[in-house]
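Peer 1: structure for the following, please:
(chains A and B)
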Amino acid sequence: MFWEVFRFECRFQLRSPLFVAVAGLFFLLGFLIMGTESISVGGVGNNLNLNANFAIIQVQYTMSILGMFAAIAFVAGAITRDLEAHTAELLYSTGLRENDYLFGRFAGGALFAILVGIAAMLGSMLGTFMPWLDQERLAPFTLAPYTFSVWAVIVPNLLVICALFYTVAALTRSMMASYVAALGFIIANVVIGSVTDQEDVATMALFEPFGIAAFGEITRYWTVFDRNFGMPEVTDTLLYNRLIWLGVGALALLLTSWRYRFNLSPSRLRRPTSKPRRKEVPPHVSAIKAFVPQGSSNLAMLFSQLRMDVRGMTRSIPFYVLLAFGMLQVVGSYFGATTQLFGTPVYPVTGLLIQVVGGSFSLAVIVILIYYSGELVHREQQAGIKEIIDAAPYPNVIMVLSKIGALWFVLSVMLFVVLITSLIVQVSLDYYNFELLLYVQGLFGVLGSGYFLLCIPAVMLQTFAPNKFFGMVLFLVFVLTLSTLPSLDMEHLLYLYSVPNAPYSAMNGWGHFVLPMVSLTAYCLALGVLMIVAAHLIYQRGITSGVKDRLAIARSRLNVATGTVALLGLACAAGLGGWIFYNTNVLNEYLTEDDREERQADYEKAYKQYEKLPRPQVVDLEVFVDLYPEERRLESVGTALLVNREEVPLHQVHFSVPTALTINELLLEGATLRESDETLGYYQYEFPQPVEPGAEFEMSWNLSWLNEGFPNSGSSTTRVVANGTFVSNAEIMPIPGYSSGVELTDNNVRRRYELDPVERFPKLNDPEYLGINQFTVAERTRFRTTIATSPDQIAIAPGYLQREWMEGDRRYFEFEMDEKIWPFVSFSSARYAVAEDQWNDVKIEVYYHPAHDYNIDSMIESTKKSLDYFTSEFSPYQYRQFRILEFPAYQRFAQSFPNTIPYSEAIGFIADLREETDIDYVFYVTAHEMAHQWWAHQVVGAQMQGMTVMVETLAQYSALMVMEREFGPTRMRRFLKYELDNYLQGRGGEQIEELPLYLVENQPYVHYRKGSMAMYALRDAVGEDLVNLALRNFLDRWAYSEGVFPTSVDLIDEFRAVAGPEHQALITDLFERIVLFDLQVSEANVVPTDEGFEVSMTIKAAKYEADGSGAETEVPLSQQLDIGIFGARGDDLGDEDLPEPILFESHNITSGEQTLTFTVAQEPERVGIDPYVKMIDRNPDDNLRSL
Amino acid sequence: MLVIEGLQKTYPNGVQALAGVDLEIPTGMFGLLGPNGAGKSSLMRTIATLQSPDQGTILLDDIDVLADPNRLRQCLGYLPQEFGAYPRTSPEVMLNHIAVLKGISNSSERKALVEQLLTQTNLWEVRKKSIDTFSGGMKQRFGIAQALIGDPKLIIVDEPTAGLDPVERRRFHNLLTRISEDVVVLLSTHIVEDVADLCPRMAIMGEGRILVEGEPSALVGQLEGRLWHKIVSAAQAPALRQVLPVVSTRLIAGQVEIRVVSEQQPEGGLELVAPTLEDVYFATLLKHGLQVELD
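Peer 2: Alright, predicted model coming up:
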């Protein structure tokens, strides 16, 4: 019997168009994902092969999630089909046994679901063979990742999904319930995933149903090499995960078998009416009155239909389920996004919440639109009431409008729920500044507008479609097409039917982003009107037979009314479209991403030849900045005194000018303009009389930065805004020479434009670059500036304020530096509140947005503590002031200019530091930026490999020292764990080649993260006093040098000089090699004895050296490492913190296994090898073991 | 007066549902009989503006139905053969909504109307219960209630009493008769007795055409004196069927009664019998070559 049912099910599925269509769709999907380069999988990276094992497997995981819905269609359909086709009565009354039926149907459905998964895999396999792919990025074909995918991904995932949702369908007898359960399942997954911290990753990996977390955990620290060729092992987490979930699936099936019965009583349980029924007296009807309908009552019709449609939605359980999951999603995404740096949260400010929920929301909205548009438009048909309704004299457009209205209602309810949930989140986190208007603007306006607009084509397409599934497919195709157009270099807003996003900043509000948003919304609405007219014409009334019939009817429906509306819509669309075009293509330039890349390539191709052209040095800089914040206009006028420091005469000088600027005048004393390239911003001047060595000449400029209207995409500037302008000199004045920062960095993109792979940094000790520093200059300059801004704003630039005055309706500030600085300055202006303090003779000021006063004290405190430490350990602070300036959240960084630190609104200013045990990263960032006043502005490295060590790594070290003094070494462990994790993950994202510290080429994960670890380890081994002595020596020798600059080797030599011979090998390991450890306490026992407790621990240790792409070779280990034994932890420490050790010793650890025994007086709880994670260990969690 | 001329409709799969239908239907009940596939439902739907014909015209007094369907809809009541309702919706709410769609925008008027209809169709006690829970008869009552909204001048009722118990059926007949005084009521049915009892005029439809039209009594009268019958054994029946123009056969207590239409007495000992409308029906089908084996 089972086989009969199974065979039948298989035959049915084979013949069903659903299977063929879905299998085809997934085959195509797999093919497209792997066969087109524009969809990048497996992590960004030049080095990652297109058919990297990692990428292949990840694609299968993703598709098995997508395939979930198809799988449900098969299995849930298998069990509900008999009910819907009314064959249930026939089947149940044969001698068929329930279990045979249940498992036969299940087996058939599941088999075909798995076949779909395999079809997807075959599609992706085929995709990797396509000849148009970049052959250099394809490795030879191996079957391994595919067989792995089948047995570890496709089969288990689909089996489990099928089992779970088959159960739901069988017990509820409803396909709908399965889909809702599935949606809930996915959303619950997402929520749990985002709430999980880094620390719980391992647990989550065990229980996450799709196995993706387990896969992610295995591959967390995989380098590019690993991702290309490595295969995950099916052991431990992954194996248990699969077994657990297969077990769950089996249990579900058993449950079904136990509870399922062949019967047809209605599934809705109805409570019998126990109330006695009174005989109701109907109202007295004297005579049968005739009611004659009045004519036009269209509005009443619309409202009644809308009421009915909304009723229909609010009375369905899936609606409430979706709402509930929407709420959970908001909560989940909030926690995911706002545990910002090092696990420390930020205040849940409204501006942040509304931007955070957006991303996680869109999937749910699309699903709702797809599903409910179908349900609504075909509702009358499904209820069997269409014939009756269609015989009533309503205009077609009423139905169309009502369905759109019902969808808008659903969306509004969801957004409202998001609002309420966000309020709850805020209150639960003790934050009460709700800003309700901002919520409405952000949720219903910015976030919602695109969704509201999508409802119109959703309904229109459903109206075209003969049934709801067809309509859903049409809409899905519509959405997919729109979202893939940009990758085909078609990015213009006019045909994307979307509204550009408006980022929010508390300082600048919605700013100038409102105009494009409103314009596009109005334009799309006008298009929407046309769509509604089309829907009205093609609307299916009664029964129609075929496309020709419908077209004929549509033609007959064209009349004056519809024509007028259509023409009006067209006129509005044309008008608005023209206005938009004027903004995007006339006032601004329309550039697609490809266009931008092409320009970058052109710039390099044309002008890189001049890179080594001798450049003059700037020795005096005077800038006048006229800022008009409301107009977003900046006028830059100035003069620079240039000097020829070369040994040969100067024949030409070239300038790069940012293309956003309009050049009113650019004069070079004694030179004529030979060639100007306005498109790429490169200008070549030549001297009829060459400039002699040592001679000076003046450059003067008059530039305008106009930001008019709005551009098509992205590049609407966020630097010059109504409140919170922040620009650097490179953005507003001509810079001598070729600017290598413009070059394309992605090697794959470069190859497309026939450029060679990106040139590496100048090699360490390249003599040509010893005289040029990180700022690409050799000499310091005098600096003075006057900034004019609005009367209610304060302007700031590096320098001491000389004068402040009003003239007319403009406010002026004059700043001057009394000593020379690098030509690296910033100009800021905003409506600031100011906090002031003093440290000795240094005036400390924080310029901040008045509402963001949470952490000013921490910033000032950190400044003082940093000044304390740095001036006593390194050298005197060279300025008499130190200012921190807040700038809008459009960018998230802080930057160190001479005595001036612009600091993003989004980091630090809104950090929530109320919880004492959290890491105070405001303190850390402030200390780091302060440190740059030494490491960058006093001493800076030559422009070559290893250059950033002297700036970033030393700043990290300095900040660490200040923090440790303030917060203690235990919190340092937590901090360092984050640094380690970031470093290890960063290695996987390496685009070219990892390099050891002394050769680092501006790779953040190396010079920040590894740098922290290395310096901390160095300090630990050698001692803080000696390290600081080395740094003092370094400063003595190199600070304020001009014309020749230190290299990383110079710094390391200082370390070597102070460290004893016993530390030289360590220094080599830390700075000159890529070394990783694998330290583990594999076993630990404690035995109470008379003297106390005897602790024995077995340590497995290994040391590896890695090459640039991550391939590792083991090297012999023989090194002094920490051993620690710890007792019980007090309550005042966080989970990850360690109490004071009972025993803490240094032992020589060698490769392989070794057992150590200790005797301690106190009862021990945990033992550890390198417990404070000073060594770079691939898995720091197994350094400690509980007894 | 409903005037139908030359209505033709062929579906894309080649089936010709309407092959030239001409009818003139005055006010009062008009019965439409015919076998499955005759085109009754297609005709009903076409008149109810739910389907467009390939050719032909339909006029209700001065309303050109095909050119201006909304004008007809304003005075049309349609009770389809099969219908449902929005889930979890009561007749009160549903009738109210349909009333709005039919153009009754005044809410107090509407309320009174809905009350009246619910009372008329005996649904007052269950006016707030969901239509999903109704029995077949109650659903039909709701169906007729909505068809009566808006004081229609044309009411089209498609197979309304299939599945109703005798009480319901009688109730339904009474209701229809009462309203048909100055309204065109087009009743399409399989049940010959309904037409005989209720309809002053009728037509028989087959293969997309009107086969015969007139008053039931007149049509029965035409068979008067031409209908013969005989009761024979089951074994003898096939032989007789070969030689005689048999209109219908019926099994009675193990024996077979055959009925034959003939001007003169046919061979074999048949006797005259009083014709019924059912005989008219079978005879018409036979005459137009649409007779089907009855056993």
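Peer 1: any idea how far residue B:205 is from the nearest residue to residue B:226 once chain neighbours are set aside?
Peer 2: Computed as C-beta to C-beta, 6 or more residues apart in numbering or on different chains, the closest residue to residue B:226 that is not its neighbour in sequence is residue B:261, at 5.6 Å. For every residue, glycine as well, the C-beta is placed using N, CA and C. The span separating residue B:261 from residue B:205 equals 20 Å under the rule C-beta to C-beta, to the nearest Å.
Peer 1: any idea which helix or strand of the chain has the worst average confidence?
Peer 2: Let's take chain A. Between all helices and strands in chain A, the lowest mean by mean pLDDT, DSSP states H and E belongs to strand A:339-341, at a mean of 51.
Peer 1: that answer is for a different chain, and I need it for chain B
Peer 2: For chain B, counting by mean pLDDT, DSSP H and E, that's helix B:237-243 with a mean of 79.
Peer 1: can you name the next helix or strand after that helix?
Peer 2: Going down the chain from helix B:237-243, the next helix or strand is strand B:246-252, by DSSP states H and E.
Peer 1: counting contacts, what elements does the very next helix or strand once past that following strand pack onto?
Peer 2: As assigned by DSSP H and E, the chain's next helix or strand after strand B:246-252 is strand B:255-261. Here strand B:255-261 touches strand B:227-233, helix B:237-243, strand B:246-252, helix B:277-287, going by 3 or more C-beta pairs under 8 Å, 6 or more residues apart in numbering or on different chains; DSSP states H and E.
Peer 1: bridged to the residue nearest the centre of chain B, which residues?
Peer 2: The structure's chain B has its C-alpha centroid closest to residue B:188; by C-alpha atoms, centre = their mean the separation is 1.1 Å. Beta-bridge pairing of residue B:188 under DSSP bridges involves residue B:32, residue B:158.
Peer 1: is it true that it touches residue B:161?
Peer 2: No. If you go by C-beta atoms under 8 Å, residue B:188 and residue B:161 don't touch, sitting 11.1 Å apart.
Peer 1: what are the bridge partners for residue B:231, then?
Peer 2: Applying DSSP bridges, one finds that residue B:231 bridges with residue B:257.
Peer 1: how about whichever residue of the stretch 51-200 of chain B sits closest to chain A, secondary structure?
Peer 2: Using C-beta to the nearest C-beta, the closest approach of the stretch 51-200 of chain B to chain A is made by residue B:84 at 2.7 Å. Following DSSP: H, G, I helix; E, B strand; the rest coil, we place residue B:84 in the coil state.
Peer 1: same question for residue A:627.
Peer 2: Criterion first, three-state DSSP; result for residue A:627: strand.
Peer 1: now it: how far from residue A:724?
Peer 2: Residue A:627 is 12 Å from residue A:724, by C-beta to C-beta.
Peer 1: neighbour-wise, which of the two wins?
Peer 2: For residue A:627 versus residue A:724, neighbours defined as other C-beta atoms under 10 Å in any protein chain shown are more numerous around residue A:724 (30 against 25).
Peer 1: contact partners for the more buried one?
Peer 2: By C-beta atoms under 8 Å, 6 or more residues apart in numbering or on different chains, the residues touching residue A:724 are A:505, A:507-508, A:828, A:830, A:849, A:886-888, A:905.
Peer 1: what's the farthest-apart pair in those?
Peer 2: A:505 and A:828 (14.1 Å; C-beta to C-beta).
Peer 1: coming back round to it: by neighbours, which of the contacts of residue A:724 wins?
Peer 2: Going by other C-beta under 10 Å, residue A:887 tops the contacts of residue A:724 with 30 neighbours.
Peer 1: which residues does residue A:693 contact?
Peer 2: Residue A:693 neighbours (C-beta under 8 Å, 6+ apart): A:644-649.
Peer 1: find me the pLDDT at residue 141, would you?
Peer 2: Let's take chain A. pLDDT recorded at residue A:141 is 86.
Peer 1: my bad, the chain I had in mind was chain B
Peer 2: At residue B:141, pLDDT is 88.
Peer 1: ok, now residue A:918?
Peer 2: 68.
Peer 1: and the helices and strands packed on strand B:255-261: which comes nearest residue A:212?
Peer 2: helix B:277-287 (68.4 Å).
Peer 1: now for the closest one, which elements pack on it?
Peer 2: helix B:192-198, strand B:201-206, strand B:209-214, helix B:216-223, strand B:246-252, strand B:255-261.
Peer 1: got the contact list for residue A:255?
Peer 2: Contacts of residue A:255 (C-beta under 8 Å, 6+ apart): A:167, A:171.
Peer 1: what's the helix or strand for it?
Peer 2: helix A:236-259.
Peer 1: who has more neighbours, residue B:261 and residue B:205?
Peer 2: Legend: neighbour count by other C-beta under 10 Å for residue B:261 and residue B:205, higher for residue B:205 (24 against 21).
Peer 1: pLDDT weak spots in the stretch 601-750 of chain A?
Peer 2: Residue ranges of the stretch 601-750 of chain A with pLDDT under 70: A:714-716.
Peer 1: same question for the stretch 1-150 of chain A.
Peer 2: Ranges of the stretch 1-150 of chain A meeting pLDDT under 70: A:37-47.
Peer 1: which single residue in it comes nearest to chain B?
Peer 2: residue A:86 (13.7 Å).
Peer 1: so which strand or helix has that residue?
Peer 2: Here residue A:86 is assigned to no helix or strand, by DSSP H and E.
Peer 1: relative to residue A:968, how far out is it?
Peer 2: For residue A:86, the distance to residue A:968 equals 74 Å [C-beta to C-beta].
Peer 1: now do the contacts for residue A:1153.
Peer 2: A:1082, A:1098-1100.
Peer 1: most neighbours among those, which one?
Peer 2: Of the contacts of residue A:1153, with other C-beta under 10 Å as the count, residue A:1099 tops at 26 neighbours.
Peer 1: quick one: secondary structure of residue A:721?
Peer 2: For residue A:721, the assignment made with three-state DSSP gives coil.
Peer 1: what are the phi and psi angles of the nearest residue to it once chain neighbours are set aside?
Peer 2: Of all residues not flanking residue A:721 in the chain, residue A:508 sits nearest, at 4.8 Å (C-beta to C-beta, 6+ apart). For residue A:508, the backbone dihedrals (degrees, to the nearest 10) come out as phi -110, psi 0.
Peer 1: residue A:508 reaches residue A:719, doesn't it?
Peer 2: No. Residue A:508 is not in contact with residue A:719 according to C-beta under 8 Å; the separation is 11.1 Å.
Peer 1: average pLDDT for stretch B:61-69, rounded please.
Peer 2: Here the average pLDDT along stretch B:61-69 is 88.
Peer 1: please work out which residue of the stretch 301-450 of chain A is closest to chain B.
Peer 2: For the stretch 301-450 of chain A, C-beta to the nearest C-beta, closest residue to chain B: residue A:384, 2.7 Å.
Peer 1: give me the phi and psi for that residue.
Peer 2: phi 80, psi 20.
Peer 1: quick one: residues contacting it.
Peer 2: Residue A:384 touches B:82-85, counting by C-beta under 8 Å, 6+ apart.
Peer 1: how much space between the residue nearest to residue A:721 and residue A:247?
Peer 2: Counting by C-beta to C-beta, the separation of residue A:508 from residue A:247 is 54 Å.
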